[in-house]
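Engineer: Fold the following.
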Amino acid sequence: MRYDALILGAGMSGLAAGIRLAQAGKRVAVLERHYLWGGLNSFYKRAGRRFETGLHALTNYAAKGTPNVPLTRILRQLRIPHDALALAPQSRSSSVLRLESGETLRLSYSNDLELLRAEVSRLFPAERDGFERMMAALPGYSDASEHDYAVGARVKLAEYLREPRLRELLLLAPLFYGSPTENDMSWAEYGVLFRSIHLEGMARPEGGIKALLDLLIERFEQEGGELRMRTGVAAILHGDGKVRGVRLDDGTELECERVLSSAGLVETEALCGKPRADGDDPRIGRLSFVETCCVLDAAPAALGHEDTIVFYSDSERFLYEKPSAPVEPRAGVITCPSNYHTKSAPSEHFVRVTCPANYEYWTGLDEARYAPEKDRAVDSMLACAEQFSLPIRPHTVFRDSFTPRTIERFTGHRGGAVYGSPRKVRDGRTDLAGLELIGTDQGLVGVVGALLSGITIANRSLLEPAGGRA
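Structural biologist: Have a look, this model is predicted:
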């Protein structure tokens, strides 16, 4: 069986790429190893409830009709009406530091940039002008230079902002929402994420991640695309320097002109027959997480907590790194989906808490120790998160959690690395003609970034001859 293109992974980037190729009349199939679609941004059921993974917020929020912004361009390319997303904007979110004195420093923001400006002026009046200069200097979505990718965000922020606590506060959300590098990220990546979170804003589809994924699958199938679930790829077939097809786990071979892989850099290389990268390979990401999702008996707002998302650090120096302990509860993200401006009240209220974790620890546990160790880690996470939000544990009626072990199992990412390899392939090209990377390791993160990655690489492939490059 021969295809124009095969896409590895039914995540955001894979489905977006599939839609674009199918729109152009190509015979295209999306191959997904698991029984649920979505990849990093997916869903599952426990005890009759639907839990989400990945999606805390859809960044790059834009109101209907906003011109020249990523979300509007993506929806136009995919031919999805803005209203179909049913986006609920955030109410207010915050980044919080615990100071050495024991007090907390809270910087709040919303989809209105003026709130962030007012907060910076209130907390750090001497930094108001420097903050404006910093925002004016941010690299754009498409004009970042090689230097912007080579220099760290911490170095650049220090050029404009003298107050280290403000710099830490401004790093919390971008690092947690997209950095594959410990304690820093490139200035180019920072520019993209700062714009996505603070200059545009955050929202959530009313129906959660499943509603968004269902829209993408509907569009893909409307265009004649083929979605093949429980179809794992064992190898990418190639010869004479170009891709030939794939071999499935069951031994079936599919021929194609192109393969677009969202599996990741080192994972795709392994599928091509290259030696498997070991744990010391710097291309394997070190950042993974433990996350717990708690079902509450009351709305967070009724318990005195109105923030949609809180990015917190229980120290003045933000600890965004692989911990030596099983989990690092002193740094995390607290998300309350009920606190988005939804049109209808949710039937149940959830709180999600996410903290950095040690991959080797969780994958090294035997089955007898895994569940009790997970409960112990989650309790430590919630104890710390409650200091920055609401009393979660007394109001929890059910909870479920996952670790780096779960992440690796369902995404295939080595090291359970949520943001993939620190070595991004920004143009998506590999050394095989017809094989290209999409998704996280192409360098675009988040829901909108993943969609844009799939669209961009698919559009380029339509302009290039099969098996070669224009």
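
Engineer: hang on, isn't Ser324 packed against Glu360?
Structural biologist: No: using Cβ atoms under 8 Å, Ser324 is not in contact with Glu360; the gap is 10.1 Å. C-beta coordinates here come from the backbone N, C-alpha and C atoms, glycine included.

Engineer: who's more crowded, those two?
Structural biologist: A direct count of neighbours by other Cβ atoms under 10 Å for Ser324 and Glu360 places Glu360 higher, at 13 against 8.

Engineer: Would you map the helices across the stretch 151-300 of the chain?
Structural biologist: Counting by DSSP state H, counting those that start in this stretch, the stretch 151-300 of the chain has these helices, from start to end: 153-160, 164-176, 187-194, 208-222, 265-271.

Engineer: Roughly how far does Val69 sit from Gln77?
Structural biologist: Look at Val69 and Gln77: by Cβ to Cβ, to the nearest Å, they are 13 Å apart.

Engineer: swap that for Arg98, sorry
Structural biologist: Distance from Arg98 to Gln77, by Cβ to Cβ: 43 Å.

Engineer: cool, and Ile284?
Structural biologist: From Ile284 over to Gln77 (counting by Cβ to Cβ), the distance is 32 Å.

Engineer: which one of the two has more residues nearby?
Structural biologist: Using other Cβ under 10 Å as the criterion, Ile284 and Gln77 rank with Ile284 on top: 22 against 19.

Engineer: What does that one show for phi and psi?
Structural biologist: Dihedral pair for Ile284: phi -90, psi 130, per degrees, to the nearest 10.

Engineer: pretty sure it contacts Ala417?
Structural biologist: Yes: using Cβ under 8 Å, Ile284 is in contact with Ala417, at 6.7 Å.

Engineer: which residues touch Gly416?
Structural biologist: For Gly416, the contacting residues are 288-289, 357, 359, 362-363, 403-408, by Cβ atoms under 8 Å, 6 or more residues apart in numbering.

Engineer: In the stretch 1-150 of the chain, what residue spans correspond to helices?
Structural biologist: 12-23, 70-78, 82-85, 113-123, 128-137, 146-150.

Engineer: Buried residues in the third one, which are they?
Structural biologist: By 16 or more other Cβ atoms under 10 Å, the buried positions in helix 82-85 come out as 82, 85.

Engineer: just stretch 353-369 next, same as before
Structural biologist: 353-359, 361-363, 365.

Engineer: now stretch 426-446
Structural biologist: Quick answer for stretch 426-446 (16+ other Cβ under 10 Å): 428, 430, 432-446.

Engineer: Just those: which are in strands?
Structural biologist: 435-437 (DSSP state E).

Engineer: now, among those residues, which is nearest to Asn459?
Structural biologist: Glu436 (11.6 Å; Cβ to Cβ).

Engineer: any idea how far the residue nearest to the closest one when sequence neighbours are not counted lies from Ala24?
Structural biologist: Sequence neighbours aside, Gly428 is the residue nearest to Glu436 in space, at 4.5 Å (criterion: Cβ to Cβ, 6 or more residues apart in numbering). According to Cβ to Cβ, Gly428 stands 18 Å off from Ala24.

Engineer: do Ile80 as well
Structural biologist: Applying Cβ to Cβ to Ile80 and Ala24 gives a distance of 17 Å.

Engineer: surely Phe194 meets Leu172?
Structural biologist: No: using Cβ under 8 Å, Phe194 is not in contact with Leu172; the gap is 11.3 Å.

Engineer: Narrow the contacts of Gly416 to those in helices?
Structural biologist: 359, 362-363, 404-408 (DSSP state H).

Engineer: Looking at these, point me to the pair that's furthest apart.
Structural biologist: Tyr359 and Thr406 (11.2 Å).

Engineer: List the buried residues for stretch 203-221?
Structural biologist: Neighbour-count burial for stretch 203-221 [16+ other Cβ under 10 Å]: 203-205, 208-210, 212-213, 215-217, 219-220.

Engineer: for stretch 241-250, same thing?
Structural biologist: Quick answer for stretch 241-250 (16+ other Cβ under 10 Å): 243-246, 248.

Engineer: just stretch 308-322 next, same as before
Structural biologist: Quick answer for stretch 308-322 (16+ other Cβ under 10 Å): 308-314, 318-322.

Engineer: for stretch 97-110, same thing?
Structural biologist: 97-98, 105-110.

Engineer: Now do that stretch, average pLDDT.
Structural biologist: When pLDDT is averaged over stretch 97-110, the result is 96.

Engineer: what distance separates the start and the end of it?
Structural biologist: Stretch 97-110 has an end-to-end distance of 18 Å (Cα to Cα, to the nearest Å).

Engineer: Repeat that for stretch 233-252.
Structural biologist: The first-to-last residue distance of stretch 233-252 comes to 10 Å (Cα to Cα).

Engineer: Show me the contact partners of that stretch.
Structural biologist: Contacts of stretch 233-252 (Cβ under 8 Å, 6+ apart): 2, 6, 8, 31, 33, 231-232, 253-259, 261, 263, 268, 271-273, 431-435, 467-468.

Engineer: now swap in stretch 424-434 and tell me
Structural biologist: 149, 180, 236, 238, 241-243, 257-259, 265, 268, 272, 436-438, 441-443, 453, 456-457, 460, 466-469.

Engineer: Centre of the chain to stretch 331-343, how far?
Structural biologist: Centroid displacement of stretch 331-343 relative to its chain, using Cα atoms, centre = their mean, to the nearest Å, is 16 Å.
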